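K.L.:
Turn this into a structure:
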Amino acid sequence: MKPFLSIVIPVCDEGKNLPLALIDIDRRLSGVDYSYEVIVVDGDPSDAKTKTIERFKKFFPYLRSEKILTGGKKGPVVKTGMLSARGSYRLFVDVEMQLPLGWFAEAIPLFKGGAEAVLDPRNRFWCFGEEAAERIFRAVSVAGEGIGFEAAALARLMGVNVAAFSVQDATLEGPRPKFSARLSAVRDIITVRLNVLLHRYTW
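P.N.:
Prediction:
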């Protein structure tokens, strides 16, 4: 059956956070009245992470996984997950992010009101309708931490109906992003802005 919601979790080198993230998502989704799937996309596969994911699949039948060798680069990991998702709505969230109870329920009315994407980049909440996700993530090109910024920029360039959304109670677990990750995000944002300015995007 086609799931109502797909949650994509990109994992590069954050394997230690994955078990808690999966348990937290299961707890938060256990009472919802719609169908869902969770897709873990591993961009830096290791035996330890594979064993963890396979172990959780035994208990969480909605869990799927994908592997892609990216050298720890986040962009292709997210792209793989969003394009392999089957849900009518597709959300990607960082493995260390904990979202509040009822977070997606608050976004549903925005989609029903005509939104094709619901975004709160400050809290790393990016959710797309199926058609918008297919269009946007076939066109994304950055490899690093700025993938969310590029997806939002492409949504606006494509004329996707974007609704602003504020996730008030989202919390970030674990260590703060490394300097290299912050630098990657800045570099990607500059690249995206240049691509927009120079009309480099085609789809």
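
K.L.:
Can you read off the pLDDT for residue 6?
P.N.:
For residue 6, the pLDDT comes out at 96.

K.L.:
part of a strand, is it?
P.N.:
Yes: according to DSSP: H, G, I helix; E, B strand; the rest coil, residue 6 belongs to a strand.

K.L.:
In contact with it, which residues are there?
P.N.:
Contact partners of residue 6, counting by C-beta atoms under 8 Å, 6 or more residues apart in numbering, are 36, 37, 38, 39, 85, 86, 87, 89, 90, 91. Heads up, the C-betas are built off the backbone N, CA and C, glycines and all.

K.L.:
can I get the residues you listed in a markdown table with secondary structure?
P.N.:
As requested, these are exported to a markdown table (three-state DSSP):
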| residue | secondary structure |
| --- | --- |
| 36 | strand |
| 37 | strand |
| 38 | strand |
| 39 | strand |
| 85 | coil |
| 86 | coil |
| 87 | coil |
| 89 | strand |
| 90 | strand |
| 91 | strand |
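
K.L.:
Dump the residues you listed to JSON lines, plus distance to residue 157.
P.N.:
JSON lines is the format used below for the contacts of residue 6 (distance: C-beta to C-beta, whole Å):
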{"residue": "36", "distance to residue 157": "29"}
{"residue": "37", "distance to residue 157": "29"}
{"residue": "38", "distance to residue 157": "29"}
{"residue": "39", "distance to residue 157": "26"}
{"residue": "85", "distance to residue 157": "22"}
{"residue": "86", "distance to residue 157": "26"}
{"residue": "87", "distance to residue 157": "24"}
{"residue": "89", "distance to residue 157": "21"}
{"residue": "90", "distance to residue 157": "19"}
{"residue": "91", "distance to residue 157": "21"}
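
K.L.:
ok, of these, which one's closest to residue 189?
P.N.:
Nearest to residue 189 among the contacts of residue 6: residue 91, at 21.4 Å, using C-beta to C-beta.

K.L.:
Make TSV out of the contacts of residue 6 and add distance to residue 126 and neighbour count.
P.N.:
Supplementary listing: the contacts of residue 6 in TSV, determined by distance: C-beta to C-beta, whole Å; neighbours: other C-beta atoms under 10 Å:
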residue	distance to residue 126	neighbour count
36	16	17
37	17	20
38	16	23
39	14	23
85	13	28
86	18	13
87	14	22
89	11	24
90	9	29
91	7	24
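
K.L.:
Give the burial count for the closest residue to residue 104 other than its chain neighbours, as a bare number.
P.N.:
Spatially, and ignoring its direct neighbours in sequence, residue 104 is nearest to residue 5 (6.3 Å; C-beta to C-beta, 6 or more residues apart in numbering). Using other C-beta atoms under 10 Å, residue 5 is surrounded by 21 other residues.

K.L.:
For residue 5, give its distance to residue 25.
P.N.:
11 Å (C-beta to C-beta, to the nearest Å).
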